[in-house]
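1. Below is the sequence, then the predicted model.
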Amino acid sequence: EDQVTQSPEALRLQEGESSSLNCSYTVSGLRGLFWYRQDPGKGPEFLFTLYSAGEEKEKERLKATLTKKESFLHITAPKPEDSATYLCAVQGSVYNQGGKLIFGQGTELSVKP
Amino acid sequence: EAQVTQNPRYLITVTGKKLTVTCSQNMNHEYMSWYRQDPGLGLRQIYYSMNVEVTDKGDVPEGYKVSRKEKRNFPLILESPSPNQTSLYFCASISSGRVRTGELFFGEGSRLTVL
């Protein structure tokens, strides 16, 4: 069964204090791994797609990396506006004609000034 | 502005009273999907539609119905709501050619409470 586990559940950082969020996954035939950001009262907003181990993507203070078992979302010198819940999802290939994404439970990031 | 619009955003109802949550997108996307989000369980797919008149079950379809009569609209129907359908619901869409990118466009959510 395809599964995604994110850790930690919650992370509190001081402004400028870099850290990483973890996403461990098991999937039958990885088509892609995705990171989303979700602000309170909003729908998830797409950030990155990673397709194969070794791939990296960057956007402002965020950098996503992928191995065969996990992905990391590195946050460099975060600012309070980076506070949000970050969701990881995978898309497997076996029996997945519908393009379904399997989501983790998310990491709630809080960045204090 | 490209967007996915859901209505209502908030609803409190009682067990057994049929309700419909509407979803409309203005991006001419072929693929649309419904997810529910529950604490500790994350987002789970309820139903999806690859195009007009083409729908299929996701992981948690029990108690829900959908229809896709027009490309832009994908309503979620709860024929006889029960308390275990209390949840936050999201509609999402994407161009069928870009499904593998995972770049879903989500609506802002509909918070449903069934008493």
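-> Thanks, I have the structure now.
2. need the contact list for B:Gln37.
-> B:43-44, B:87-90, B:109 (CB atoms under 8 Å, 6 or more residues apart in numbering or on different chains). In short, each C-beta sits where N, CA and C put it, glycine included.
3. pretty sure it is in a strand, no?
-> Yes: under DSSP: H, G, I helix; E, B strand; the rest coil, B:Gln37 sits within a strand.
4. per-residue pLDDT, it?
-> In the predicted model, B:Gln37 carries a pLDDT score of 97.
5. beta partners of it?
-> B:Leu43, B:Leu88 (DSSP bridges).
6. just to revisit the earlier point, from the contacts of B:Gln37, which single one is nearest A:Leu13?
-> Each of the contacts of B:Gln37 was scored against A:Leu13 by CB to CB, and B:Leu43 proved nearest at 24.5 Å.
7. From B:Val114, how far out is the closest residue in space to B:Ser80 that isn't next to it in sequence?
-> Distances taken as CB to CB, 6 or more residues apart in numbering or on different chains place B:Gly16 nearest to B:Ser80, at 5.0 Å, with adjacent residues excluded. Distance of B:Gly16 to B:Val114, computed by CB to CB, to the nearest Å: 9 Å.
8. go on, A:Cys88?
-> Going from A:Cys88 to B:Val114 by CB to CB gives 29 Å.
9. same deal with A:Glu70?
-> From A:Glu70 across to B:Val114, the span is 37 Å (CB to CB).
10. A:Ile102 bridge partners, please.
-> Assigned bridge partners for A:Ile102, using DSSP bridges, are A:Val90.
11. Which residues are in contact with it?
-> A:2-4, A:27, A:89-92.
12. which parts of chain A sit against chain B?
-> Residues of chain A lying close to chain B (CB under 8 Å from any CB of the partner chain) are A:4, A:31-32, A:34, A:41-46, A:49, A:87, A:89, A:91, A:97-101, A:103-106.
13. more neighbours, B:Gly16 and B:Val114?
-> Legend: neighbour count by other CB atoms under 10 Å in any protein chain shown for B:Gly16 and B:Val114, higher for B:Val114 (20 against 11).
14. In three-state terms, label the closest residue to that one other than its chain neighbours for me.
-> Distances taken as CB to CB, 6+ apart place B:Pro81 nearest to B:Val114, at 4.5 Å, with adjacent residues excluded. Secondary structure for B:Pro81, judged by three-state DSSP, is coil.
15. Likewise for A:Gly99?
-> Following three-state DSSP, we place A:Gly99 in the coil state.
16. so it sits right up against B:Val99, yeah?
-> Yes: applying CB atoms under 8 Å, one finds A:Gly99 in contact with B:Val99, separated by 4.0 Å.
17. Let me know how buried A:Pro113 is, in neighbour terms.
-> Applying other CB under 10 Å, we find 7 residues neighbouring A:Pro113.
18. Please disregard the earlier target; I meant B:Val21.
-> Neighbour count for B:Val21, taken as other CB under 10 Å: 21.
19. Next up, the contacts around it.
-> B:6-8, B:11, B:75-78, B:89, B:91, B:110, B:112.
20. Report the secondary structure state of it.
-> Here B:Val21 is strand, with the state taken from three-state DSSP.
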